[in-house]
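# Just a sequence and a predicted model for now, questions to come.
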Amino acid sequence: MSNIIQTYQLTKTIDGKEIVKDVNLHVKKGEIYGFLGPNGAGKTTVMKMITNLWKPTAGTVALFGEELTPTSYEVLKRMGSVIEFPCFYDHMSGKENLQLHCEYMGYYMPDSVDKTLAMLGLSEAAKKSVKKYSLGMKQRLGIARAILCRPELLVLDEPTNGLDPAGMKQIRDLLQMLCTEYGMTILISSHILSEVESIADTIGVIHHGMMRKEISMKEISEMNTEYIALDVEDIKKAAYVLAEQMNLNNFKVFDAHNIRIYDDKITTMELSKVLTENEVDICAIGRKSERLEDYFLKLTEETV
């Protein structure tokens with residue numbers, strides 16, 4: 001499967017500080033790629049270089065197999081994007097803004113504007129001036145503009161910002177539909193891991209400006225580790241009982257009340273019995289498995 005986006009040692013230095021360094025990112029044709037990282041990790045900086053808004057200090061970006069240059073106009077026409085907060089002509093209506101975009105792009109498909117507004121739930125607000133739009137409506141209008149000309153590649157930086165849970169689900173369903181029915185390749189960044197987990201085929205984790213890992217969601221699900229989640233009142237006493245009374249060493253204390261036990265030989269019933277006998281008050285206990293959030297935290301904690 002060919003790479004629609006490929007970066008090689010992508011680096012950006014601003015005011016003498018390296019914001020991102022040697023980032024190698026690979027987005028395959030027809031997939032949804034979730035780009036993850038804590039705030040300030042470098043996600044938006046990488047996306048700005050991929051969309052040609054910023055020029056790299058070093059390294060290269062290739063789109064559709066072609067190296068990106070300041071004159072890559074035809075390649076960029078094949079991409080739709082929303083980076084940070086979308087900007088519009090506020091005195092114009094949402095529909096007029098999209099019509100203007102079609103003219104700018106040379107895209108004249110009958111009913112495309114009305115259909116796209118409907119896809120984003122903006123039909124009733126189509127003739128309203130954008131200055132009267134809420135933050136969430138502007139975010140949806142930005143996505144509408146990005147997909148309006150049916151690009152082959154969609155780059156979205158935090159597309160669910162300002163949306164309520166229903167709006168987030170709408171965007172999630174829309175992205176899955178665009179990928180499966182229209183064959184769009186989608187690069188999406190988000191700080192909401194559960195949103196990415198539900199739609200992404202592949203994730204890339206960036207931290208402190210460096211790519212920590214690229215991995216498929218299938219690989220993550222196959223490596224899922226089961227554990228017993230234990231919520232107790234006295235964490236020190238519980239840890240002492242686990243180590244000294246039960247001879248367990250494969251466990252991790254997460255905070256003032258929560259422990260995870262990674263020993264598959266111990267049962268929750270046996271664990272409850274021993275802790276209760278040693279007067280450890282249990283608030284909750286249950287067997288669980290690690291998900292994307294756990295994997296993400298492992299990767300980012302390693303470099304803190």
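Perfect, I can see it now. Numbers count the residues shown, from 1 in each chain.
# next one: stretch 124-142 to chain centre, how far?
The chain centre lies 24 Å from the centre of stretch 124-142; the measure is C-alpha atoms, centre = their mean, to the nearest Å.
# secondary structure element for the nearest residue to residue 210 once chain neighbours are set aside?
Spatial nearest neighbour of residue 210, excluding adjacent residues (C-beta to C-beta, 6 or more residues apart in numbering): residue 21 at 5.5 Å. In short, each C-beta sits where N, CA and C put it, glycine included. Using DSSP states H and E, residue 21 sits in strand 17-23.
# any idea of the mean pLDDT for the next helix-or-strand element following that strand?
Going down the chain from strand 17-23, the next helix or strand is strand 26-28, by DSSP H and E. The average of the pLDDT scores along strand 26-28 is 97.
# Sheet partners, orientation included, of strand 26-28?
Sheet pairing of strand 26-28 (DSSP bridges) gives strand 3-14 (antiparallel).
# what angle do the partner strand and strand 17-23 make?
Orientation note: strand 3-14 sits at an angle of 150 degrees relative to strand 17-23 (axes from the mean of the first three to the mean of the last three C-alpha atoms, to 10 degrees).
# So for strand 3-14, what gets flagged as buried?
By 16 or more other C-beta atoms under 10 Å, the buried positions in strand 3-14 come out as 3-8, 10-12.
# Over to stretch 41-56?
Within stretch 41-56, the residues that count as buried by 16+ other C-beta under 10 Å are 41-52, 54, 56.
# Just the buried positions in the strand holding residue 21, please.
18-21, 23.
# got a list of contacts for that strand?
Contact with strand 17-23 is made by 7, 9-13, 42, 45-46, 59, 206, 209-211, as judged by C-beta atoms under 8 Å, 6 or more residues apart in numbering.
# switch the cut-off to 7 Å
7, 9-13, 42, 45-46, 206, 209-211 (C-beta atoms under 7 Å, 6 or more residues apart in numbering).
# now stretch 275-291
The contact list for stretch 275-291 (C-beta under 7 Å, 6+ apart) reads 197, 224-234, 237-238, 241, 245, 257, 268, 271-272.
# again with stretch 247-258
229-232, 235, 239, 242-243, 259-263, 266, 283.
# Kindly report the same for stretch 39-47.
10, 12, 19-20, 23, 25, 35, 37, 83-84, 155, 157, 189, 191, 206-209.
# Mind checking which of those residues are buried?
Judged by 16+ other C-beta under 10 Å, buried ones among the contacts of stretch 39-47: 10, 12, 19-20, 23, 25, 35, 37, 83, 155, 157, 189, 206-209.
# quick one: contacts for residue 215?
Contacts of residue 215 by C-beta under 7 Å, 6+ apart are residue 203.
# Describe which strands the helix or strand encompassing it pairs with in its sheet and in which direction.
For residue 215, the enclosing helix or strand under DSSP H and E is strand 210-216. Taking DSSP bridges as the criterion, strand 210-216 sits next to strand 202-207 (antiparallel) in its sheet.
# C-terminal to the helix ranked longest in the chain, what's the next element?
What stands out as the longest helix in the chain, according to DSSP state H, is helix 165-181. Sequence order places strand 185-189 as the next helix or strand after helix 165-181, per DSSP H and E.
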